[in-house]
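**Q** The following comprises the amino acid sequence and a computationally predicted model.
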Amino acid sequence: QVRLVESGGGLVQAGGSLRLSCTVSGGTFNHYPVAWFRQSPGKEREFVAAINWLGYHTEYTDSVQGRFTISRDDAKNTAFLQMNNLKPEDTAVYYCAARGEFLVVEMEAREYDYWGQGTQVTVSS
């Protein structure tokens, strides 16, 4: 069974940086497209970024373009989300997700089969 575990969340001031990690076990990591989503209280889960299984194609939501970078290290079975110039509106629980093997990236949460438990990111103003 595929299992995803996020880490790296925390409290940071506006303008600061955090790097989230998502470690995947129980499957062949380098076969999976990986994405990050986030959810704030009272809001629906929102797409943040995704990277394809080959690691050369990425997608970002407009609000994080130029500030966030998604990457993957297949040797460590880990995906990362580097978040710079954080804003209070980035405050949310961040979730890592993976799709089935060799599929393209998608921006809809329903397209992802495997999910982590989430990590809280809080940005103070």
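**A** In hand now; what should we look at?
**Q** hang on, residue 30 packs against residue 74?
**A** Yes - under the criterion of CB atoms under 8 Å, residue 30 is in contact with residue 74, at a separation of 4.1 Å. Backbone N, C-alpha and C define where each C-beta goes, glycine included.
**Q** Give me the below-cutoff pLDDT ranges for this structure.
**A** Scanning the chain for pLDDT under 70 picks out nothing.
**Q** how about the residue nearest to the spatial centre of it, phi and psi?
**A** Centroid-nearest residue in the chain, with CA atoms, centre = their mean: residue 36, separated by 2.3 Å. Backbone torsions of residue 36, given as degrees, to the nearest 10, read phi -120, psi 130.
**Q** Could you pull up the residues touching it?
**A** Residues near residue 36 by CB atoms under 8 Å, 6 or more residues apart in numbering: 20, 22, 48, 49, 50, 70, 79, 81, 94, 95, 96, 97.
**Q** Among those, which one sits closest to residue 63?
**A** residue 48 (8.7 Å; CB to CB).
**Q** The closest one is in contact with residue 38, isn't it?
**A** Yes - using CB under 8 Å, residue 48 is in contact with residue 38, at 5.4 Å.
**Q** on that earlier part again, out of the contacts of residue 36, which is most surrounded?
**A** residue 79 (30 neighbours; other CB atoms under 10 Å).
**Q** Let me see the contact set for it.
**A** Counted by CB under 8 Å, 6+ apart, residue 79 has contacts 21, 22, 24, 34, 36, 51, 70, 71, 72, 73, 96.
**Q** try residue 67
**A** Listed by CB under 8 Å, 6+ apart, the contact partners of residue 67 are 83, 84, 85, 86.
**Q** Which residue, other than its chain neighbours, is closest to the second one?
**A** With sequence-adjacent residues excluded and distances taken as CB to CB, 6 or more residues apart in numbering, residue 84 is closest to residue 17, at 4.7 Å.
**Q** Mind listing the strands the helix or strand containing residue 79 pairs with, and their directions?
**A** Using DSSP states H and E, residue 79 sits within strand 78-83. According to DSSP bridges, strand 78-83 has the following sheet partners: strand 18-25 (antiparallel), strand 68-73 (antiparallel).
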